[in-house]
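# The following comprises the amino acid sequence and a computationally predicted model.
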Amino acid sequence: MNDDPRDRDTRRATLCRTPGQGPAAPRFRAGLRPTRLALALLVTLSVSCGEDGLAPPNYAFVMTEVSLIAAAEEDGAVRGLNLDDRVDDEPAQETCNKLDFTAPDGTPGIDNQLSLFGPILGLFGGDPEALVQGAINEGSLLVLVEFEGLDSFENDRDVTVRVHFGEGPTDVGNDGRLVPGQSFDIKPGTMSVEVRGVRLVDGHMDVRGFETVLPVSVLDQRFDLPIFSGQLSLDFDAENGEINGMLGGGLPTRTLIEDLILMIPGGEDVATIATLALTRMADLGANDEGGCDLVSTALTVHGVTAFVLPPRAAPAE
């Protein structure tokens, strides 16, 4: 693969356009002051595009932090998302008799059964969060979120959201996190997601009902992890030019067991208890045998500004 910085700069330059060419640059709606987020983005874009003040077609962010919510709060509340549009305060066959949780802010109907897996996760030893952060920093786990048609960072009735998995050289700051303004390719062979007609209300956005496949790289293991009933819940941080929120979805228990637990060092020692626990936690994807194939999960995410590069030109014959 060609990671020549000159090639990346050339393709990044194609994101820019002269006035009157292509779609119009994002506009601020009347009555809205330009927030610091908008200014941070516009400064980043103008620096990248040169003196002509050209702007890229879309805004994009890369997730610099992704953390599994694997435990309840001290009061029993659980952070997560309502993935199935249900509030199960009584056992129901559709969710394999699993009761929903309540969020710290009192929101009912939270689906995050994997939050019960924390004690078993501790049996593996090591630091799972450090492994995930290491994968992000080295560029093997880059989640990119791209927004098209976003002309306000507070309220917008029609935004197209795309989720990609990226690759490319990474630059890590002194805080141990990716620095803003980096450019990434879409990783070949990965599944991108597009959801249209998404609403932004008071700086908050919910992207619901998508499916994708997360390319996982843990230690020496690499496998594809499907995500069903996917949901992104994001807040735009106007003060810092960042996004924060949660990513949730249903994960196949079989994939977690066969491709992750049994494959990592020490996994065989806890495979029996982990398999039993995950099978009992499954609450989505009801099957014909009276069980469920998916376990609900949620991760906290934090993103900074980035660029999604256009595809490389095909080599000349």
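All right, it came through fine.
# Who does residue 166 form a beta bridge with?
Counting by DSSP bridges, residue 166 forms beta bridges with residue 142, residue 186.
# Sorry, wrong one. I was asking about residue 252.
According to DSSP bridges, the partner residues bridging residue 252 are residue 294.
# Below-threshold pLDDT in the stretch 51-200 of the chain: ranges please.
Low-confidence segments of the stretch 51-200 of the chain (pLDDT under 70): 51-57, 123-126.
# Could you find the closest non-adjacent residue to residue 257?
Counting by C-beta to C-beta, 6 or more residues apart in numbering, residue 257 lies nearest to residue 275, which is 5.2 Å off, once chain neighbours are set aside. In short, each C-beta sits where N, CA and C put it, glycine included.
# Can you tell me how far residue 59 is from residue 144?
Relative to residue 144, residue 59 is positioned 11 Å away (criterion: C-beta to C-beta, to the nearest Å).
# The two: which has the busier surroundings?
More neighbours surround residue 59 than the other of residue 59 and residue 144, with 26 against 23 (other C-beta atoms under 10 Å).
# Who are the contact partners of the nearest residue to that one once chain neighbours are set aside?
Excluding its sequence neighbours, the residue lying closest to residue 59 (C-beta to C-beta, 6+ apart) is residue 147, at 4.7 Å. For residue 147, the contact set (C-beta atoms under 8 Å, 6 or more residues apart in numbering) comprises 58, 59, 60, 159, 160, 161, 162.
# what about residue 147, which helix or strand?
strand 142-148 (DSSP states H and E).
# how far is that strand from where the chain is centred?
Averaging C-alpha positions (C-alpha atoms, centre = their mean, to the nearest Å) puts strand 142-148 8 Å from its chain's average.
# Next: stretch 144-162.
For stretch 144-162, the distance to the chain centre is 15 Å (C-alpha atoms, centre = their mean).
# what does stretch 89-107 give?
In terms of C-alpha atoms, centre = their mean, the centre of stretch 89-107 is set 24 Å apart from its chain centre.
# same thing with stretch 236-248?
Computed by C-alpha atoms, centre = their mean, the chain-centroid distance of stretch 236-248 equals 11 Å.
# Name the residues of that stretch that come out as buried.
Within stretch 236-248, the residues scored as buried using 16 or more other C-beta atoms under 10 Å are 236, 237, 238, 241, 242, 243, 245, 246, 247, 248.
# ok, the closest residue to residue 86 other than its chain neighbours - contacts?
Closest residue in space to residue 86, ignoring its immediate chain neighbours: residue 109 at 6.2 Å, by C-beta to C-beta, 6+ apart. Neighbour list for residue 109: 82, 85, 86, 87, 88, 100 [criterion: C-beta under 8 Å, 6+ apart].
# try 7 Å
82, 86, 87, 100 (C-beta atoms under 7 Å, 6 or more residues apart in numbering).
# How about residue 121, nearest residue that isn't a chain neighbour?
Closest to residue 121 by C-beta to C-beta, 6+ apart is residue 70, at 5.5 Å.
# cool, and residue 225?
Nearest residue to residue 225 in three dimensions, chain neighbours excluded: residue 214, at 4.5 Å (C-beta to C-beta, 6+ apart).
# neighbouring contacts of the strand or helix carrying that neighbour?
Under the criterion of DSSP H and E, residue 214 resides in strand 204-218. For strand 204-218, contacts defined as C-beta under 7 Å, 6+ apart pick out 131, 135, 140-141, 161, 163, 165, 187, 190-191, 193, 195, 198, 222-228, 230-235, 260, 264.
# do stretch 68-76 as well
Contact with stretch 68-76 is made by 78-80, 104, 112, 114-115, 117-118, 121, 128, 298-300, as judged by C-beta under 7 Å, 6+ apart.
# ok, now how distant is the residue nearest to residue 257 from residue 249?
From residue 275 across to residue 249, the span is 21 Å (C-beta to C-beta).
# Which positions within the helix or strand in which residue 160 is found qualify as buried?
Using DSSP H and E, residue 160 falls within strand 156-167. Neighbour counts over strand 156-167 (16+ other C-beta under 10 Å) mark 156, 159, 161, 162, 163, 164, 165, 166, 167 as buried.
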